[in-house]
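Colleague: Curious how this folds, go ahead:
(one chain, ligands or ions: 3)
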Amino acid sequence: MATIKTLAEFITERQHEFTYATGELSQLLTSFRLAGKMVNREVNKAGLAEDIIGAAGQENVQGEQQQKLDVYANDLFIRLLRSQGMVCAVASEENDDIVHFDNGGKYVVTMDPLDGSSNIDVNVSIGTIFSIYRRVSTGDKATMADFMQPGTAQVAAGYIIYGSSTMLVYTTGHGVNGFTLDPSIGTFCLSHPNMTTPADGKIYSVNEGNYYDFSEGVRSYIDGCKKQKMSARYIGSLVADFHRNLMKGGIYMYPGTQKAPKGKLRLLYEANPLAMIVEQAGGKATDGTTRILDITPTELHQRCPLFIGSGNMVDAAVKN
Ligand code: AHG
Ligand code: MN
Ligand code: MN
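Modeller: Ligands and ions are numbered 1, 2, ... in the order given. As a prediction, the model looks like this:
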C-alpha cells in the first residue's frame, strides 16, 4: 500500500535541502499551511450562512462588518506571519507599503493573499501566491532593499489553490512538490511529488478580449495556436490557469499593450514566485525579453508582462 506523507513530515524530511538553519523552513511554511486551511474554510462557505444573514446590512450575526475575502485573507496571513517570528516584514498586493513586524526576523515575505478575487462570487477557483526572501538589510527595520531583490534570490515560493480540491504547491529550489488538503482530517498530504511540466503543450491561456491591443508578434503567436487547433483555456485566476498548464503543458500569457506596456500582473506577488516554480518544474518564464527571475525590481507594486509555462511554447511566443 502507498505510504501517506503529510506536508509537515515532508518539510522535516527535506529540511537539509534548505540553505539556512534547520527547522527554519518548517517554521516559515507553518503560517502558510495554517492560513491556507483557514482561507480554504472561508472560501468554501463564501455565499453561505453569514453572507446570507448579513446580506441586507452587510453585517454578520455578531454585528461585525462583513469583510471582503481578499482583505480577510490578507489580514490572516499577516497575523500568522507576525505571530510566528521568523519574518520581519511583508509586502502584499493588498497593502500600499511594507508591513513591518519589528521582531528581528531574518526573512521577508511577498504575497498575493487572494488571486483571482473577481472569481470568488461565482464559485470559480482562486488562490494564494507567496515568496520568501532572506533579509539583506541589517538595521532595526527591514528596508526596500530587502524587497528589491531579483527573483533568483527567493529561498522558497509557493501557491495554494482553492479549487475542486485545495492544494499547496511549493519549492525551495530543489524541485516542486504538491500537497492536497484532506478536508476530513484537515491535513495537507503529499499527492504530487516532483512535479514537472511538459516541454510542449496544447493549451494557451490569454485574455483574448485584449487581442487587438497586443503586439503583432503576440497576435501572430495566438493565430498560430489557433491554426494548430490548440485549446484555449482562460479561467481568469492566474493560480488556477498556471496550475492546470503546469500539470498538462501549456502557456499562460499576460502581455503588455500600448496603453499598459507592463501588462497587469505584479512582479513581486505573482510573476516571481510562479517563475521560480515553473523553472523548478522544467518550464520557463519571461517578460518577453528578460527572464522574470533576472529582473531587479525598482518598486513594490511593479507590473511586468508575463509569458510562463512549457519551455518551447514560451520560446515560440516571444520569438518575434
Ligand atoms: P487579483 O485577483 O490578485 O487582482 O489577480 C487577478 C489577475 C490574475 O489572477 C488573472 O489571471 C488576471 O488578473 C485576469 O485579468 P483579466 O481579467 O484582465 O484577464
Ligand atoms: Mn493576483
Ligand atoms: Mn489578489
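Colleague: What is the burial count for residue 115?
Modeller: 29 (other CB atoms under 10 Å). From N, CA and C alone the C-beta is placed, and that goes for glycine too.
Colleague: Strands along the stretch 51-200 of the chain, start to end?
Modeller: Listed in chain order, the strands of the stretch 51-200 of the chain (DSSP state E, counting those that start in this stretch) span 87-92, 99-100, 107-115, 126-134, 154-162, 166-171, 176-182, 187-192.
Colleague: ok now the helix or strand that the last one is followed by, how far from the chain's centre?
Modeller: The one in question is strand 187-192. Note on strand 187-192: by DSSP states H and E, the next helix or strand toward the C-terminus is strand 203-205. Between the centre of strand 203-205 and the centre of its chain there are 18 Å (CA atoms, centre = their mean, to the nearest Å).
Colleague: So which elements touch strand 203-205?
Modeller: strand 231-232, helix 238-248, strand 250-254 (3 or more CB pairs under 8 Å, 6 or more residues apart in numbering; DSSP states H and E).
Colleague: Following the chain onward from it, which element is next?
Modeller: helix 216-227.
Colleague: Quick one: mean pLDDT over that next one.
Modeller: This predicted structure assigns helix 216-227 an average pLDDT of 98.
Colleague: Go ahead and measure how far it is from the middle of the chain.
Modeller: 27 Å.
Colleague: got it, and stretch 232-241?
Modeller: Distance, centroid of stretch 232-241 to centroid of chain: 13 Å (CA atoms, centre = their mean).
Colleague: Name the stretch among the helices and strands packed on strand 203-205 that sits most buried.
Modeller: strand 250-254 (a mean of 27; mean count of other CB atoms under 10 Å).
Colleague: circling back: looking at the helices and strands packed on strand 203-205, which is closest to ligand 1?
Modeller: helix 238-248 (3.5 Å; CB to the nearest ligand atom).
Colleague: Can you give me the domain assignment for the protein?
Modeller: Taking automatic domain parsing as the domain assignment, the ranges for the chain are 7-192, 203-319.
Colleague: For the chain, which residue gets nearest to ligand 2?
Modeller: residue 115 (3.5 Å; CB to the ion).
Colleague: wait, that residue sits on residue 271?
Modeller: No. Assessed by CB atoms under 8 Å, residue 115 is found out of contact with residue 271, at 11.8 Å.
Colleague: low-scoring stretches of the stretch 1-150 of the chain, by residue?
Modeller: Scanning the stretch 1-150 of the chain for pLDDT under 70 picks out the ranges 1, 47-67.
Colleague: How about the residues of it by ligand 1?
Modeller: 93, 112, 115, 116, 117 (CB under 6 Å from any ligand atom).
Colleague: swap the cut-off to 5 Å and go again
Modeller: 112, 115, 116, 117 (CB under 5 Å from any ligand atom).
Colleague: wait, what's in contact with the closest residue to the last one other than its chain neighbours?
Modeller: By the measure of CB to CB, 6 or more residues apart in numbering, the closest residue to residue 117 outside its immediate chain neighbours is residue 70, 4.6 Å from it. Applying CB atoms under 8 Å, 6 or more residues apart in numbering to residue 70 gives the contacts 94, 113, 114, 117, 120.
Colleague: which one of those residues has the most neighbours?
Modeller: residue 114 (29 neighbours).
Colleague: which residue packs closest to it, ignoring adjacent ones?
Modeller: residue 70 (3.9 Å).
Colleague: Cheers, nothing more for now.
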